[in-house]
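K.L.:
Need coordinates for the below:
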Amino acid sequence: MTPLAAVSLAAKQGLLPRNNGAQAFLSHPVVVAGSLALAAGELAGDKMESAPDRIVVAGLAARLMTGAIAGAALAPRDERLVGGLLGAAAAVAASYVTFELRMRALRRYGQTASGVVEDALVVGSALLIVAVANDQEYPGVTENENGALRWG
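P.N.:
Okay, here's the model as predicted:
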């Protein structure tokens, strides 16, 4: 749910491409509040031992949909389909990669500690992606002469 919350907040701040239609919908107060509530619920629920694995069908479907919406929202109008497909693919791929990493961290550091670190990485990554996609400055990130991002 974090990508959806990130693009909703970006829409509220006027940071999405204005020509692709996502700005009006995603900036609506109900959508912003709902996406933030869903993301907060996921962040909190992820720390519970009863939380389902992210690679169950329902979890993958939610990640696929929110990734597609976020990818399409960040793309220019004529590239929305590609943006949506990339967002969906990235969300599903990240689900499997992070599942394995989280299981390793969970065994070593426990449910809550591994979840807090993961959440910080997810929220930071989402904010960075929105900022970079919209040519916004992101604290601590600069671009070198070749266009590559670097920290510091």
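K.L.:
Tell me which helix or strand comes right after the helix or strand where Ala72 lies.
P.N.:
Per DSSP states H and E, Ala72 falls inside helix 57-74. Using DSSP H and E, the helix or strand that directly follows helix 57-74 along the chain is helix 80-109.
K.L.:
Can you spell out which helices and strands pack onto that following helix?
P.N.:
helix 57-74, helix 111-133 (3 or more C-beta pairs under 8 Å, 6 or more residues apart in numbering; DSSP states H and E). All C-beta spots, glycine's among them, are computed from the backbone N, C-alpha and C.
K.L.:
what comes into contact with the helix or strand harbouring Ala39?
P.N.:
Here Ala39, judged by DSSP H and E, is contained in helix 29-45. Helix 29-45 is contacted by residues 1-2, 4-5, 8-9, 11-12, 25-26, 51, 119 when judged by C-beta atoms under 8 Å, 6 or more residues apart in numbering.
K.L.:
What's the mean pLDDT across that helix?
P.N.:
Average pLDDT, helix 29-45: 92.
K.L.:
that older thread, export the helices and strands packed on helix 80-109 to CSV and tack on mean neighbour count and distance to Leu16?
P.N.:
As requested, the helices and strands packed on helix 80-109 are exported to CSV (neighbours: other C-beta atoms under 10 Å; distance: least, C-beta to C-beta, whole Å):
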stretch, mean neighbour count, distance to Leu16
helix 57-74, 20, 6
helix 111-133, 16, 8
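K.L.:
mean pLDDT for those helices: which is lowest?
P.N.:
Among the helices and strands packed on helix 80-109, helix 111-133 scores lowest, at a mean of 85.
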